[in-house]
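**Student:** Attaching a predicted model along with its sequence, questions to come.
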Amino acid sequence: MPEGIASQGIGASVRRKEDRRFLIGKGKYTDDINRAGQLHVYFLRSPVAFADIVSIDKERAEKASGVIAILTGEDVAADNLGGPICGWAPTNKDGSAPSEPPHPILANGRVRYVGDHVAAVFAETLEEATSAAELIDVVYSEMPAITDLKTAMDQPQIHDGMEQNTYFDWELGNEAAVNDAFDRAETIVNVHIRNNRVIPNAMEPRAAVAEYDKGDARYTLFTTSQNPQLTRLVIGAFMLNIPESKLRVVAPDVGGGFGSKIYVYPEEAVCVWASKKLGRAIKWTADRTQAFLGDAHGRDHISEVKLALDKNKKIIGLRVDTLANLGAYLSAFAMVTPTYLHGTLLSGVYDIPAIYTNVKGICTNTVNVDAYRGAGRPEATYLLERTMDVAAKQVGMDPAEFRRLNFIPKDAFPYQTALALQYDVGDYEPLLDRAMAMIDYKNFESRRAKSAKDGKCRGIGISTYIEACGIAPSAVVGALGGRVGLYESAIVRVEPTGTISVLTGTHSHGQGHDTTFAQLVCDKLGVDIEAVEIVHGDSDRTAFGMGTYGSRSLAVGGTAISKALDKVIAKGKIIAAHMLEADDADIEFKDGKFTVAGTDREKSFGEIALSAYVPHNFPHDRLEPGLEETAFYDPANFTYPAGTHIAEVEIDPSTGVVELVDWVCCDDFGNLINPMVVEGQVHGGIAQGVGQALYEEAAYDDNGQLLSASYMDYCMPRADNFPSLKVQNLVTACTHNDLGVKGCGEAGAIASPPALINAVVNALSPLGVTDITMPATPEKVWRAIQDAQTKAAE
Amino acid sequence: MYSTKYVKARDIDDAVKALKSADDGKFLAGGMTLIPTLKQRLANPDCLVDLSACGLSSIDDEGSAIRIGAMTRHVDVAESALVQKAIPALTHLAAHIGDRQVRNRGTIGGSLANNDPAACYPAALLALGGTVHTQSRSIAAEDYFDGMFETALEEDEIIHAVSLPKPEKAAYVKFPNPASRYAMVGVFVAKFADGVRVAVTGAGEDGVFRAHDLEAALNANFSADAIADGMVSSDGLMSDIHASADYRAHLIGEMTRRAVNACT
């Protein structure tokens, strides 16, 4: 293979192909798309958290300049439209089905959170639509808002017929075995955990442009989606009753998602609906305020954790009881996130024989909560890794050594956890050892002493995480209440001149697929990366695929591409055998050339491609023209990335300000396709996790008003909050996909919050502080110090 | 935003005339607060009178004070050798307002006219005992601030310039709100021959204020050690999701200590 091409294959840090168009301002986002005669829609949102709608007077607004129509919940009901659906429904512990109250795309008679959609105003310009919305007179009959997760179950019903404001009450594991473990325990560790609510804040807000073509009776929706094929299925089949073949969904360049663009929201469906009803294309782009009030939030759990240790300080049992705030309506994956993506991960990287967990999904008058980078796994990792630190302190062990003692040993794989998952492969001690070496763990106390001389409190914190990604085997998903399959599709289309288009069912919104997927092709076919085009995001072009989330794109989508490439090579061999007048079985493919084994007779990949489309003498009884192959890949198992992150912080006790001074990690993502892209993903994930741990909080007041609904009040992490992050990798290859890859998109966000908080608590522990909740804001840290000093003085 | 009329005034008289002919006009300086407010539809003026061509950008040495034109941008103050020599604390303050974009548009007059309770310049004006000059009068700092977003300015009164006396030494130390990076507590300490003045921004329910207890302590002993814990009362301080009044009170003491140590 020419050297240039070898440097583009698997393992090469190829610069991102897509960055060219982004850097020259030629990315194509939904808001860049305009259709002739388009109307703009403005959504009038509820200013109150919980109220019956007494009346909506839209007469004045309808007469306002430029207004074409105003649609409300009554119109939705009259057209018999469905609402967003739930993609995964776990069974209650008593065997019953969870409660799935209806979610009309425009509120019908009742609003349930500040931001709920009350009316859609369509006008010639956005200004006109916005101004007209101010003329709509809505009379609300307010009820007390229910926002407190702890007490919501005791409050009046938010949805008629839903008892105790509880969507579901789910359990997993062996409660009797756990009770027995606690009976035998030498040490019992109790930890109260709050996982704060955060807001996704993708750089690009959600947007939609919909149009209806009267000629072929077909809709097109351009939208900010992580999974356009799913969006088409949900809007077509479940919400608007449009045959899938009559709805094209295109997700062009998308500026970040972090989960929030998986789900179908009311706005996109309203645009599609109105495009036919009003006979005009419809455009909607959320502003930042709408993003705060409308995009599904993340996390928001309260957990009580109990850990049982035997006399050797080995963990013998774990019990976790969790309340998960899911907001006013069920978002698509709201129910699976705190259950199967959370409860199943509670064993972490530890050998725990008995685990039981109960999770209740709670309804409140707040924005819907759904999967957010990591989805359930950050919540599980946070509570477990905080508990490991508390336990280590309680039994007087170094937190690293306590973890090491309880690691699943290297020779125990495949390892069956007490919670349904089977980890295929892993080796956790080298990851811990490497990270400890990277940060010079053994000399930490001298750094602590040096900081103390400057009046600063220095702390170090470890997180040894695991996650389950590469979502997911369809059979497992189905058995656990999933209503979808989670395979992935790939079409590899070799064109006559030898260029290659790969059509993938995944979607890239920052992950770098244009580059990394092309590297798979370079590696297998020996072609130049510039000859490869990755096509995604258009339901008319790609095969049905499930999109991008759960760090699945490479492990599932990449494997599908790999399998389609294998089929291309197999077909190429048959063509080559025909051209070289050899036996199919004698053809070898290597370095971009088909060769008759043991001879110098060969055909280049380009010659084979051309001949596939100029098949002048093909034997049509055994050889079809063309060189295009499709593969659907359904994984055999989740993949299990793991690693160690270690944070070092310095705290100014006079203000409570936490400064992150060092961060190291050693991750095992299996084989790496592009180490530079992996490092970027890890950096972003860590920043997001540190954001949650130090800065971010979706704060509601008692009336259900979101207090942190702008960047004036919602604190995002910024570049100057970070030291240079040190990222390394070790590899145990995934055993069940062709590429040996695991996935890296979420790991940083999963691993980092407990490392940070463990470091903060470690820094303050000499002062007597034992816990701090996220986010560790300056005031919270300062107050913890004051309280500990007051207590010490007593 | 709502549609509105835009007028670029040629001079102060022209600006006042334009404002008077509007029903609900607003002067537009750098626009760093007003424009976002308009975009959020939180204000609906029928006319914006842009002051940028009124010739109000200047920095002059008046001997015992420096005089800064109202439309002087933060970046111009931050980069002024004159300011750096006369009141380096002011250079530091101007160089740390908002971000580069804000500093390239925002003006000292706009900041003082708006009197955001978390803005930095009000602390400088009050601590330095400055004077606000308008087309009709000069207003002492003590008489100028009138509670959050309120000042002594009349509706059609335009700040021409501010005079800021040169202190023996001074410093401004800000504890930024982590989200907005406005001052959550900002303390300007200025030492003059006739005493110490301490002004606090970001913390007071009525906007910027002088901390008389701290001034008394520093007049007795101009040293960080003079500021004892608990010297600042939380009465009258803001409480919000970022900081309680108690924490702000603590930070005022802490930032004052730091300012005293940083005084040059």
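**Tutor:** Arrived safely.
**Student:** For whichever residue of the stretch 451-600 of chain A sits closest to chain B, report the pLDDT, please.
**Tutor:** Residue nearest to chain B within the stretch 451-600 of chain A (Cβ to the nearest Cβ): residue A:455, separated by 12.0 Å. (Each C-beta comes from the backbone N, C-alpha and C, glycine too.) Confidence at residue A:455, expressed as pLDDT, is 97.
**Student:** That one: neighbouring residues, count only.
**Tutor:** 9 (other Cβ atoms under 10 Å in any protein chain shown).
**Student:** Residue numbers of chain A in contact with chain B?
**Tutor:** A:127, A:130-131, A:289, A:654-655, A:695, A:697, A:699, A:707-708, A:711-716, A:777-779, A:782-783 (Cβ under 8 Å from any Cβ of the partner chain).
**Student:** and the residue of the stretch 451-600 of chain A closest to chain B, what helix or strand is that in?
**Tutor:** If you go by DSSP states H and E, residue A:455 is not part of any helix or strand.
**Student:** Residue B:14 is in what secondary structure piece?
**Tutor:** Per DSSP H and E: helix B:12-21 holds residue B:14.
**Student:** got the contact list for that helix?
**Tutor:** Contacts of helix B:12-21 from elsewhere in the structure, counted by Cβ atoms under 8 Å, 6 or more residues apart in numbering or on different chains, are B:7, B:9, B:25-27, B:47, B:49, B:51, B:54, B:56, B:135, B:155-156, B:158, B:160.
**Student:** re earlier: and the residues of chain A next to chain B, which of them are in helices?
**Tutor:** Under the assignment DSSP state H, the residues of chain A next to chain B contribute A:127, A:130-131, A:289, A:778-779, A:782-783 to helices.
**Student:** Any quick ChimeraX command for the buried ones out of the residues you listed?
**Tutor:** To isolate the buried ones among these in ChimeraX, judged by 16 or more other Cβ atoms under 10 Å in any protein chain shown, type:
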select /A:127,130,131,778,779,782,783
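**Student:** Export the ones in helices among the residues of chain A next to chain B as TSV, with columns for pLDDT and distance to residue A:222.
**Tutor:** What follows is these, written out as TSV (pLDDT from 0 to 100; distance: Cβ to Cβ, whole Å):
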residue	pLDDT	distance to residue A:222
A:127	96	22
A:130	97	22
A:131	97	26
A:289	94	22
A:778	98	43
A:779	98	44
A:782	98	48
A:783	97	49
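**Student:** can I get the ones in helices among the residues of chain A next to chain B in a markdown table with distance to residue A:280?
**Tutor:** Shown next, in a markdown table, are those (distance: Cβ to Cβ, whole Å):
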| residue | distance to residue A:280 |
| --- | --- |
| A:127 | 17 |
| A:130 | 18 |
| A:131 | 19 |
| A:289 | 26 |
| A:778 | 51 |
| A:779 | 51 |
| A:782 | 56 |
| A:783 | 56 |
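**Student:** And stretch A:482-500, end to end?
**Tutor:** 35 Å (Cα to Cα, to the nearest Å).
**Student:** go on, stretch B:205-217?
**Tutor:** 23 Å.
**Student:** buried residues in that stretch?
**Tutor:** Buried residues in stretch B:205-217 (16+ other Cβ under 10 Å): B:207-211, B:214-215, B:217.
**Student:** Good, we can wrap up now.
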